[in-house]
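> requesting a structural model of the entry that follows:
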Amino acid sequence: MLEILKNLDYSPLIISLKTGVVATCISFFLGIFAARRVIMAPPGKKAVIDGILTLPLVLPPTVAGFFLLLLFSRRRPLGIFLYETFDIKVVQTWLGCIIAATVIAFPLMYRNARAAFEQIDVNLIYAGRTLGMSEPEIFWKVIIPTAGPGIASGTILTFARAMGEYGATSMLAGNIPGKTGTISQKIAMVIQDGDYLTAGIWVAIVITIAFVIIVLMNLISSRKMKHIKRW
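All right, here's what the predicted structure looks like:
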């Protein structure tokens with residue numbers, strides 16, 4: 001066991017962590033922006049936009065990966081444009097990992113941010129306007145701090161989902177060792193090779209990370225409940 005741990009290639013863990021961090025940062029800002037815009041939209045428009053933004057959450061990841069592959073393939077207009085104009089290749093690159101993870105994890109950030117925004121007492125917003133605060137000031141100084149626990153929970157869930165993404169990542173970025181090979185892909189590969197011991201080690205690593213994420217979620221939730229009890 002110790003020998004396996006010593007000789008284990010940790011590149012899948014590093015790639016997964018880097019992908020999770022970048023995808024979470026992108027989803028964080030896009031999710032907050034989208035949640036804010038959807039809340040202020042008319043009911044009919046809100047329903048349509050919400051359905052589109054939530055779609056990757058309910059679709060199988062391979063379906064999302066299929067559409068991403070069609071979109072960014074070098075045989076398609078967008079893929080050709082990115083490669084010939086900016087020398088950017090998405091398919092079978094780490095950029096593909098980031099895009100796939102972001103698309104799959106984004107709905108979690110968006111849904112949590114929207115739920116947090118919808119629970120804010122509008123009287124706080126009215127009070128800010130009465131005090132002469134501008135709308136951007138109200139958003140960053142009143143809305144964001146008040147919705148903080150929900151946004152933090154969404155951020156943690158987004159990171160966990162992005163780091164563990166498999167289906168869309170496999171289709172768009174492939175499984176290139178040291179380049180696009182994530183933990184999920186590594187587990188599937190070593191199981192296919194019959195190396196259940198190595199697969200078990202990677203599973204233990206994933207379970208440990210997931211446990212830490214759950215603990216963080218519980219800590220955030222407990223702080224939120226204490227805040228509610230004070231009131």
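> just the pLDDT for Arg230.
pLDDT for Arg230: 41.
> no, scratch that, I was asking about Ala41
As predicted, Ala41 sits at a pLDDT of 89.
> do you have the helices of this structure handy? List them.
For the chain, applying DSSP state H gives helices covering 2-7, 11-40, 43-58, 61-72, 77-86, 94-118, 122-130, 135-138, 144-146, 148-163, 167-173, 183-192, 196-230.
> what residue ranges in this structure score low on pLDDT?
Applying pLDDT under 70 to the chain picks out residues 1-5, 221-231.
> quick one: Ile183 from Gly65, how far?
17 Å (Cβ to Cβ, to the nearest Å). Backbone N, C-alpha and C define where each C-beta goes, glycine included.
> sorry, wrong one. I was asking about Gly96.
From Gly96 to Gly65 the distance is 10 Å (Cβ to Cβ).
> between these two, what contacts are shared?
Thr169, Leu172 (Cβ atoms under 8 Å, 6 or more residues apart in numbering).
> how far away from the center of its chain is stretch 39-49?
The chain centre lies 23 Å from the centre of stretch 39-49; the measure is Cα atoms, centre = their mean, to the nearest Å.
> which residues does that stretch contact?
Ala34, Arg37, Val38, Arg114, Phe117, Glu118.
> also stretch 170-184?
With Cβ under 8 Å, 6+ apart, stretch 170-184 has contacts from 9, 11-13, 15-16, 19, 62, 65-66, 68-69, 72, 90-97, 99-100, 163-166, 169, 185, 189, 202, 205-206.
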